[in-house]
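Student: Give me the fold of what follows.
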Amino acid sequence: MAFGASLGLSVIVAHLFAAVDLVEAPLLISIVLAATAFGIVVAVLSDAEETASRFGQLVIAAASIADFATVILLSLFFSSTGASFETTLVLLILFLGVVAALGVAMAGARGSAALQAAVTRLHRTSAQITVRIAFLLLTVLVYLSEEFGLEVVMGAFLAGAMVSLLDREDAVRSTGLQDKLDGIGFGIFIPIFFVVSGVKLDLDSLFSSFDTIVLVPLTVIALLIVRGLPALVYRRFVPSRQAMSAGLLQATSLSFVVAASQIGVELGKLDSAAAAGLVTGGVISVLVFPAVALTLLRAT
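Tutor: Model prediction:
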């Protein structure tokens, strides 16, 4: 329900942006505004020791739905290959079929006692076999998503989802694999992502016009409206302060903004100035919203 409301609000806000000539692609902007920075949200919840709580699971579920849905929408409507909607839809269905078949094969392999014994034996050795399997799965799905003409972020997201779905005995957490993957992700890849995002930020374009400068605070406000307001429905499940915290965490968005803005520039749907304004708004959301959300959580 909350994500459906976010989609509706994002369409309205994006068309308002287009009506005052701030952007030229309202559909792309509506998809951008409906996303959430899943990795950052999980990191904040982990530091607050809330990932296993009712509140934490609610926010993680909401962020997962937003991440998966916006990646699919971006792939369908704004394929970097330039394929039509119908072609992209067929490719998406075929890709998901391949992923499902791979998941069934992995689920069957888990039933092999010999294979389980080998993985258990090699897990704590220098082979670090479970980490290698996770990265192999990531590499394969990212490669397949690119070959199918879809966005690579979809393959990465599905790789993590598959590891989670196949982990029936909580082996990922109990064996220490989750801690290792967290260390690699938060210690290496996420910092690299932020560095690359900063390098790609076109500051000259950002300050090229008054409209671009105005787009920055409007993007921050739009994220609050589109992703923050729908979190009010969570008051049925958690206290009001936690629902407000959930809204702020949902409104935190950067990774998808960077990826979608870059695709928009490549396809000619956005100019570099508008892309810089959107990304800067996303940066501000990452700097401000999680901090305020943590303050509200500590007050509960």
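Student: Let me see the mean pLDDT of the one helix or strand Ala161 maps to.
Tutor: Ala161 is located in helix 152-166, with elements delineated by DSSP states H and E. The pLDDT scores in helix 152-166 average 75.
Student: isn't Phe68 right up against Val153?
Tutor: No - under the criterion of C-beta atoms under 8 Å, Phe68 is not in contact with Val153, lying 10.1 Å apart. Heads up, the C-betas are built off the backbone N, CA and C, glycines and all.
Student: More neighbours: the two, which one.
Tutor: Neighbour count, other C-beta atoms under 10 Å: between Phe68 and Val153, Val153 has more, with 19 against 16.
Student: Once you drop chain neighbours, what's closest to that one?
Tutor: Leaving aside its sequence neighbours, Val153 sits nearest to Val71 (C-beta to C-beta, 6 or more residues apart in numbering; 5.5 Å).
Student: what about that neighbour, how many neighbours?
Tutor: Residue neighbour count, defined by other C-beta under 10 Å, stands at 25 for Val71.
Student: mean confidence for stretch 36-47?
Tutor: 84.
Student: same thing with stretch 75-93?
Tutor: In this model, stretch 75-93 has a mean pLDDT of 75.
Student: which residues are in contact with it?
Tutor: Contacts of stretch 75-93 with the rest of the structure, by C-beta atoms under 8 Å, 6 or more residues apart in numbering, involve 27-28, 31, 72, 148-151, 154, 260, 263-264, 266-267, 269.
Student: can you pull the pLDDT of Leu223?
Tutor: Note for Leu223: predicted pLDDT of 95.
Student: what separates Ser61 from Tyr234, distance-wise?
Tutor: One thing to correct before we go on: residue 61 is Ala, not Ser. Between Ala61 and Tyr234 the computed distance is 11 Å (C-beta to C-beta, to the nearest Å).
Student: So between the two, which is more surrounded?
Tutor: Higher neighbour count among Ala61 and Tyr234: Tyr234, with 23 against 12, using other C-beta under 10 Å.
Student: Show me how far stretch 59-67 is from its chain's centre.
Tutor: Mean-position distance between stretch 59-67 and its chain equals 8 Å (C-alpha atoms, centre = their mean, to the nearest Å).
Student: next one: stretch 254-272
Tutor: 15 Å.
Student: So for that stretch, what gets flagged as buried?
Tutor: Buried residues in stretch 254-272, defined by neighbour count with 16 or more other C-beta atoms under 10 Å: 254-265, 269-272.
Student: Would you check which pair of those lies furthest apart?
Tutor: Spatially, the most separated pair among the buried residues of stretch 254-272 is Ser255 and Asp271, at 21.3 Å (C-beta to C-beta).
Student: Can you name every helix or strand that the strand or helix carrying Gly277 contacts?
Tutor: Of the helices and strands defined by DSSP H and E, Gly277 is found in helix 272-299. Contacts defined by 3 or more C-beta pairs under 8 Å, 6 or more residues apart in numbering; DSSP states H and E place helix 272-299 against helix 38-47, helix 190-200, helix 203-206, helix 210-223, helix 240-250, helix 255-266.
Student: try 7 Å this time
Tutor: Contact here means 3 or more C-beta pairs under 7 Å, 6 or more residues apart in numbering; DSSP states H and E; on that basis helix 272-299 packs against helix 38-47, helix 203-206, helix 210-223, helix 240-250, helix 255-266.
Student: So which of these is the most surrounded?
Tutor: Most buried of the helices and strands packed on helix 272-299, by mean neighbour count (mean count of other C-beta atoms under 10 Å): helix 240-250, with a mean of 24.
Student: got the CA positions of that helix in PDB?
Tutor: Extracted C-alpha coordinates of helix 240-250, given in PDB (Å, rounded to 0.1, in the frame of the first residue of the first chain):
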ATOM      1  CA  SER A 240       4.300   7.000  15.500                       C
ATOM      2  CA  ARG A 241       7.900   8.000  16.000                       C
ATOM      3  CA  GLN A 242       9.100   4.700  14.400                       C
ATOM      4  CA  ALA A 243       6.700   5.300  11.500                       C
ATOM      5  CA  MET A 244       8.200   8.800  11.100                       C
ATOM      6  CA  SER A 245      11.700   7.200  11.200                       C
ATOM      7  CA  ALA A 246      10.700   4.700   8.600                       C
ATOM      8  CA  GLY A 247       9.500   7.500   6.300                       C
ATOM      9  CA  LEU A 248      12.800   9.300   6.600                       C
ATOM     10  CA  LEU A 249      14.800   6.200   5.900                       C
ATOM     11  CA  GLN A 250      12.600   5.400   2.900                       C
END
